[in-house]
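J.: Sequence first, predicted coordinates after that:
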Amino acid sequence: MKRILIWVVSIIVVLGIGVAGYEYYSYYSVRKYLQEAKGYEGIGEYDKAIENYKKYLIRNPDDIKTKFDLARLLLKAKHEEQAIEVLEIVYREAKTKEVTDLRRSSYSLLKNTYSEVAEKYREEAEKAMQEKDYKLARTNYEREGLYFTSKAELTKREFGLDWTLAKLPPVDKWEEENFNLSTVSGDEIKSEYYFYYEAMGQHCENRANFAITFWLEGKYEEAREAISQYAWMVYYHHLGDREELRKYRYSYFATELNDLGSKAFKKEDYKTARKHWEEAVINYERGDIYYRDIIPEVKYNIAISYYNEENYLEAKKFLTQLQKDFPKYNTKKIKTLIDDCKKASIVKNIAMLGEKADKAFDKKDYSAARSYYREILAYAKKWGNPYGSLCLANVQYNIALTYWNKRNYKKAKEYLLELRSKYPDYEKEDVQDFINRATNLGY
């Protein structure tokens, strides 16, 4: 009996030593991964450090602090999207387990990382736009938008905010409102509510850029559909008044189109500029009232584009309507351009008639030439003569020559005498010579 007791005790001791040894070995072998991870991180070998962090966490999945360290290291190693995956886990677990400091730290880092990744995709989209790879740009703008969405939803979860435009207080009332958020200071509350408005702006701008990729491909209906759809943040998370946000998106889209119009105008591609500007006006009218003051300026630019194409009639028509629709808009500027259109139109028409007359004269079609010259005189009498008296004297002289070349010396002499009376200094010697010759011929 005594021997059996000794044998049982011996087994228990051995087992105890074995278990303790196993626990000791397991603890320190696992800790070794963590030590090696920190060592590799210290000498800048991030990939090896990440590998050891992961080995450690496989064996210690509840170590939230180490997960946070891994996320920070992933950011150092420029693996932002992997870092986001880890930080989302850290934030969720810290919030569930009420680890306040770690929750706040992971929230702050995660929010900033969302912004950085969104910015990265935005830069890639802009690069694709420069290369006119609109499909790739569209993909990157969409990714940018989704990270903005994640950032907004994160802040909503952190502060438990009911983000609807109808319920958000005005900025100047933030300090007076009781938000019942005892875990953060008043400044932090204001910061996060301000972030809501900032996020709305980012999403509307992103959606406008997304729609522009279709527009520049000539897919106009797709562009209109894209800008009319709900932004991802609103669509998935119901964070605001949809009608109000739709207006903001139209306004942002209009601004992008306005910029495109200005770029085309600088390249003297006036037709394309008008295409952009006309659509911009439509979207400004649909958009937020704050942006509608821009409409008359855009319409004025459309008129200028017609003016630069020498389509003075259309320019004047556009300006007259602009003056009627926006009577308070820079009336002096509009009146000046309308007057310029009138003068330029007269110059253009007189020049056109003069060119036709000269061509007919060179072809010895004197009747046709004379008809065009007379049209010039009638036009100048009705609308004014921007060229001055020299132009009219020259036209009258050419009419006299059309008669002379047809040997109608009597009519030629009549026009020459009238010319000498009205414009005595015009080609004195030549005019007098023709008059003398006609007289010598008996006229």
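T.: Nice, thanks for sending it over.
J.: Let me know the distance separating the closest residue to residue 405 other than its chain neighbours from residue 412.
T.: Counting by CB to CB, 6 or more residues apart in numbering, residue 405 lies nearest to residue 366, which is 5.5 Å off, once chain neighbours are set aside. In this view, the C-beta of every residue, glycine as well, is placed from N, C-alpha and C. Residue 366 sits 11 Å away from residue 412, going by CB to CB, to the nearest Å.
J.: what does residue 281 give?
T.: Counting by CB to CB - residue 281 and residue 412 are separated by 57 Å.
J.: So between those two, which is more surrounded?
T.: Between residue 281 and residue 412, counted using other CB atoms under 10 Å, residue 412 has the larger neighbour count: 23 against 20.
J.: Correct me if wrong: residue 384 contacts residue 346.
T.: Yes: under the contact definition of CB atoms under 8 Å, residue 384 touches residue 346, with a separation of 6.1 Å.
J.: So which of those two has more stuff around it?
T.: The neighbour count for residue 384 versus residue 346, taken as other CB under 10 Å, is higher for residue 346 (19 against 11).
J.: I'd like to know the average pLDDT value across the host helix or strand of that one.
T.: Using DSSP states H and E, the element containing residue 346 is helix 331-362. Confidence over helix 331-362, taken as the mean pLDDT, stands at 88.
J.: What are the buried residues along it?
T.: Buried residues in helix 331-362, counted by 16 or more other CB atoms under 10 Å: 334, 337-338, 341, 344-346, 349-350, 353-354, 356-357, 360-361.
J.: got the buried residues for the strand or helix carrying residue 112?
T.: Per DSSP H and E, residue 112 falls inside helix 100-130. If you call a residue buried by 16+ other CB under 10 Å, then helix 100-130 has these buried ones: 102-107, 109-111, 113-114, 117-118, 120-122, 124-125, 128-129.
J.: OK, contacts around the spatially closest residue to residue 337 that is not a sequence neighbour?
T.: Once flanking residues are discounted, residue 337 sits nearest to residue 319: 5.8 Å by CB to CB, 6+ apart. When contacts are counted by CB atoms under 8 Å, 6 or more residues apart in numbering, residue 319 touches 300, 303, 334, 337, 338, 341.
J.: Give the single residue among the residues you listed positioned nearest to residue 46.
T.: residue 300 (56.9 Å; CB to CB).
J.: Could you list the low-confidence segments of the stretch 101-250 of the chain?
T.: Low-confidence segments of the stretch 101-250 of the chain, defined by pLDDT under 70: 161-196, 230-242.
J.: For it, which segments count as helices?
T.: Assigned by DSSP state H, counting those that start in this stretch, the helices in the stretch 101-250 of the chain fall at 134-159, 186-216, 220-228, 232-237, 242-266.
J.: Could you export these as a markdown table, including distance to residue 82 and mean neighbour count?
T.: Formatted as a markdown table, the helices of the stretch 101-250 of the chain follow (distance: least, CB to CB, whole Å; neighbours: other CB atoms under 10 Å):
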| stretch | distance to residue 82 | mean neighbour count |
| --- | --- | --- |
| helix 134-159 | 14 | 21 |
| helix 186-216 | 23 | 20 |
| helix 220-228 | 30 | 16 |
| helix 232-237 | 22 | 18 |
| helix 242-266 | 32 | 20 |
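J.: Could you dump the ones you listed into a markdown table and include distance to residue 95?
T.: Below are the helices of the stretch 101-250 of the chain laid out as a markdown table (distance: least, CB to CB, whole Å):
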| stretch | distance to residue 95 |
| --- | --- |
| helix 134-159 | 8 |
| helix 186-216 | 16 |
| helix 220-228 | 35 |
| helix 232-237 | 18 |
| helix 242-266 | 28 |
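J.: Of these, give the one that comes closest to residue 327.
T.: For residue 327, the closest of the helices of the stretch 101-250 of the chain is helix 242-266, at 22.4 Å, according to CB to CB.
J.: Following the chain past that closest one, name the next helix or strand.
T.: Using DSSP H and E, the helix or strand that follows helix 242-266 in sequence is helix 270-286.
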